[in-house]
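>>> prediction below, plus the sequence it came from.
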Amino acid sequence: MLKIDHLTVAYGPTIAVSDASLTVGDGEFVVITGSNGSGKSSLLRSVLGLAPTASGTVAVDGATARTRTEWQRRRRAAAYVPQRTTPGSFPLLVRELLDSSGNAPAAEAAARRLGVGELLDRPLTTLSGGQLQRTYLARAVGSMSGERRLLLADEPTSALDFDGQDDVANLLADMSATRLVVSHDAAVVAKADRVLEMAGGSIRERAA
Amino acid sequence: MMLAVSLGELLSLPVIQRSGAGLMVAGTFMPVVGVLIIGFDILTVRFAVMHVALLGLALGLWIGVDPTLLALLLCAGVGTAITPLAGRPGGLSGPMGLLMTITAAAALLVLSVSGVNANSAFTLLWGSILATRTSDLVLLVVLAVLVLGMFVWRRRELGLVLFDREVAACSGIAVGTVTAVALLGISVSIAASIRLTGALLIDSLTILPALAARNLAHSLGSMVRIAIVIGLVGNAVGFLLALALDLPPGPVLVMVAGVITITTYIKKGPQQHAQVLH
């Protein structure tokens, strides 16, 4: 279970998330929507220690993280899909990125389901933004097959076509892990157990 | 025929054999160091290490400790010390420039205050392939084993750190430790190899083979393999050409590595277009 309690994230004088509280139950699929700059990504990234926490706590299965060891343990308990639509310039094959999940067969199976299973020997630098997003998601799914029980995804469908959005939404809905996903995509929102909205750094439950 | 006999005679000399062996050993692992340099986007690192080494050499000459050893130790310490900066926005490029400037100033101050002959320090810094000692060769072999061993052992983590540092961290990889070990390896390898080609020409051993390999490779594994082949071929051809034409080896090595690298850029051109147009 993920429990965010009175969390404030600040980049210097700029408050990105203000006194936000949120609980995601075991196996629950929660989507966060909201306008650009409303603090969605900062909230998600704070779970992994990637955003500077000014106050409040983030606990996974009751455990908070403060030391380097605790953060590493937290990160080993979660799978993360970053908001990436362009790869870096360093050469890496799709297969190598999937292999880094720690469970290449599971990641490759997810890649096939997401329509990028034929691209295993392609350099990541040659993929389109949508193909790259599917690859990152497939990698995260592969890493979920171990001890990881929490999936965090930041706009995983932002560069996808309509079919791709449906593929990702269905895959997310079929997972049994605890899922916290930032998305504006109607297909993903429709599959969620609960939808929250962020505005000005604060969270509110969105009406069904 | 004259040329072949002359070259054969040269190659039978122990000093030439030692130098050639040094270049071949460097050719097996310095291109891997180059791949890391490109991956961490710290192309200015050799200038920074060069100035750290100069400071170490100056200090060594001043206090009467083996200057090369002190330069190596200082480079190792600095390489590890700057690791925390790798995770900051902007990466290591800025700190490398800062390091370069501060250590250059410190080295000049040490040379000035100590009264040590600056030429002695600079002579060591410029290096000479033909001055390769057996102890240098042993050091290069040890570094080759360590660098290649670490790469093979941790290539999966390293590949992810170089491709996407954030995702690597979120995968539970100890990115800081991996970066620290890599920077330590880069710093010590450059410092140890300065003796072969001199600080200014170290690119022929490191960055040029890696740049050429990046133009031809599609994966981390193939990039490393191609870089090593280019490093070995470039070093061998450059060294033999220098001997045959009686030219200084350092510049000839750089010219050969440079020609190979330019060729790969020409080859890459149309492919790059095709990739962008997918």
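Nice, thanks for sending it over. Numbers count the residues shown, from 1 in each chain, chains lettered A, B, ... in the order given.
>>> quick one: which helix or strand includes the closest residue to B:Ala86 other than its chain neighbours?
Excluding the flanking residues, the one nearest B:Ala86 by C-beta to C-beta, 6 or more residues apart in numbering or on different chains is B:Thr179, at 4.8 Å. (C-beta placed from N, C-alpha, C; glycine too.) Using DSSP states H and E, B:Thr179 falls within helix B:175-197.
>>> now do the helix or strand following that helix: distance to the chain's middle.
Once helix B:175-197 ends, the next helix or strand along the chain (criterion: DSSP H and E) is helix B:207-216. Between the centre of helix B:207-216 and the centre of its chain there are 13 Å (C-alpha atoms, centre = their mean, to the nearest Å).
>>> check stretch A:141-148 too.
13 Å.
>>> dump the C-alpha coordinates for that stretch into CSV.
Taking C-alpha atoms only, stretch A:141-148 is exported to CSV below (Å, rounded to 0.1, in the frame of the first residue of the first chain):
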residue,chain,number,x,y,z
VAL,A,141,6.1,-4.8,-16.5
GLY,A,142,9.1,-7.1,-16.8
SER,A,143,10.5,-5.8,-13.6
MET,A,144,7.1,-6.2,-11.8
SER,A,145,7.4,-10.0,-12.2
GLY,A,146,9.8,-10.1,-9.3
GLU,A,147,9.3,-8.6,-5.8
ARG,A,148,8.1,-5.2,-7.1
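>>> tell me which element the residue most central in space within chain A is part of?
Closest residue to the average C-alpha location of chain A: A:Ala153 at 1.4 Å, with C-alpha atoms, centre = their mean. Using DSSP H and E, A:Ala153 sits in strand A:150-154.
>>> list the pairing partners of that strand within its sheet, with orientation.
The pairing partners recorded for strand A:150-154 under DSSP bridges are strand A:78-81 (parallel), strand A:178-182 (parallel).
>>> so who does A:Glu155 touch?
Taking C-beta atoms under 8 Å, 6 or more residues apart in numbering or on different chains, we find A:Glu155 in contact with A:Ser41, A:Gln83, A:Val182, A:Ser183, A:His184.
>>> and which of these is nearest B:Thr132?
Using C-beta to C-beta, A:Gln83 is the member of these that lies nearest B:Thr132, at 50.5 Å.
>>> tell me the SS of the closest one?
A:Gln83 carries the three-state label coil when classified by DSSP: H, G, I helix; E, B strand; the rest coil.
>>> picking up where we left off before, dump the residue contacts of the residue nearest to B:Ala86.
With contact taken as C-beta under 8 Å, 6+ apart, B:Thr179 is in contact with B:Phe40, B:Thr83, B:Ala86, B:Gly87, B:Val161.
>>> on that earlier part again, contacting residues for the residue nearest to the centre of chain A?
If you count contacts by C-beta under 8 Å, 6+ apart, A:Ala153 has them with A:Tyr80, A:Val81, A:Leu137, A:Ala140, A:Leu172, A:Arg179, A:Leu180, A:Val181, A:Val182, A:Ser183.
>>> the fifth one: neighbour count?
Residues near A:Leu172, counting by other C-beta atoms under 10 Å in any protein chain shown, number 25.
>>> quick one: name the residues of chain B near chain A.
B:38-39, B:156-157, B:159-160, B:162-164, B:166-172, B:174, B:176, B:214, B:217-223, B:275, B:278 (C-beta under 8 Å from any C-beta of the partner chain).
>>> thinking again about what came up before, which of the strands paired with strand A:150-154 is buried the deepest?
Using mean count of other C-beta atoms under 10 Å in any protein chain shown, the stretch among the strands paired with strand A:150-154 with the largest mean neighbour count is strand A:78-81, at a mean of 26.
>>> and the very next helix or strand once past that strand, C-alpha only, in CSV?
Going down the chain from strand A:78-81, the next helix or strand is helix A:94-99, by DSSP H and E. Taking Å, rounded to 0.1, in the frame of the first residue of the first chain, the C-alpha atoms of helix A:94-99 are listed here in CSV:
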residue,chain,number,x,y,z
VAL,A,94,15.6,-2.5,-27.2
ARG,A,95,16.6,-5.9,-26.1
GLU,A,96,19.3,-4.5,-23.8
LEU,A,97,16.8,-2.1,-22.2
LEU,A,98,14.3,-4.9,-21.6
ASP,A,99,17.0,-7.1,-20.3
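>>> nearest to chain B, of the contacts of A:Ala153?
A:Tyr80 (3.9 Å; C-beta to the nearest C-beta).
>>> next, the contact list for that closest one, please.
A:Tyr80 makes contacts with A:Leu48, A:Ala140, A:Leu152, A:Ala153, A:Asp154, B:Val167, B:Cys170, B:Ser171, as judged by C-beta under 8 Å, 6+ apart.
>>> swap in 10 Å and give it another go.
Shown in contact with A:Tyr80 (C-beta atoms under 10 Å, 6 or more residues apart in numbering or on different chains): A:44-45, A:47-48, A:50, A:136, A:139-140, A:143, A:148, A:150-154, B:166-167, B:169-171.
>>> appreciated, that's everything.
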